[in-house]
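**Student:** how would this look folded up:
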Amino acid sequence: MLIGIDIVENPRFARAMERHPRLVERVFTRDERAYCLSRPNPVRHFAARFAAKEAVGKALGTGVRCWQDIEISGGGRPTVVVSGSMAPEGSGLGAVGLSLSISHGEQVSVAVAVAEPARMPDTGR
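**Tutor:** Reported below is the predicted structural model:
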């Protein structure tokens, strides 16, 4: 089992969105944008999904290569779909099951991703 975690300061993410108008389009898929924009406080949801994508990249051990290749969907129990350059097969893990937990408050958003690979990566030890 491999674990990734990330925390995002919501006010800081809001400032990043203001400074970089195309940030939302570059990082989030069409469906993610539609979901976040439908919520009462979109910034919290964007920040939470950003944290989730970072956590997934950490759990896979690759970091985030392409933001759009990690898609977070759902509200109460989020799910994650990885594709393209983020597909687990390319990380040397083989098939992988991903579990995700997201939480957000007024100031911070946090996400934890757990990857259950078919085989653990060779660490050379």
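**Student:** and residue 106, how many neighbours does it have?
**Tutor:** The number of residues packed around residue 106, counting by other Cβ atoms under 10 Å, is 8. C-beta: built from backbone N, CA, C; applies to glycine.
**Student:** how far away is the residue nearest to residue 73 when sequence neighbours are not counted from residue 100?
**Tutor:** Of all residues not flanking residue 73 in the chain, residue 79 sits nearest, at 5.4 Å (Cβ to Cβ, 6 or more residues apart in numbering). Computed as Cβ to Cβ, to the nearest Å, the residue 79 to residue 100 distance reads 7 Å.
**Student:** out of these two, which sits in the busier spot?
**Tutor:** Taking other Cβ under 10 Å, residue 79 and residue 100 do not tie; residue 100 has more neighbours (21 against 11).
**Student:** which residues touch that one?
**Tutor:** Going by Cβ atoms under 8 Å, 6 or more residues apart in numbering, residue 100 touches 52, 55-56, 72, 78-80, 111-114.
**Student:** can you tell me which helix or strand the residue nearest the centre of the chain belongs to?
**Tutor:** For the chain, the residue nearest the mean C-alpha position is residue 53 (1.4 Å; Cα atoms, centre = their mean). Assessed by DSSP states H and E, residue 53 sits inside helix 42-60.
**Student:** do the same with residue 5
**Tutor:** Using DSSP H and E, residue 5 maps to strand 2-9.
**Student:** Residue 13 now?
**Tutor:** helix 10-19.
**Student:** where are the low-confidence patches of this protein?
**Tutor:** The chain contains residues with pLDDT under 70 at 88-96, 118-125.
**Student:** again, 80 this time
**Tutor:** Scanning the chain for pLDDT under 80 picks out 75-76, 87-96, 117-125.
**Student:** Give me the contacts around stretch 12-32.
**Tutor:** By Cβ under 8 Å, 6+ apart, stretch 12-32 touches 33, 36, 43, 46-47, 49-50, 53, 67-68, 71-73, 109.
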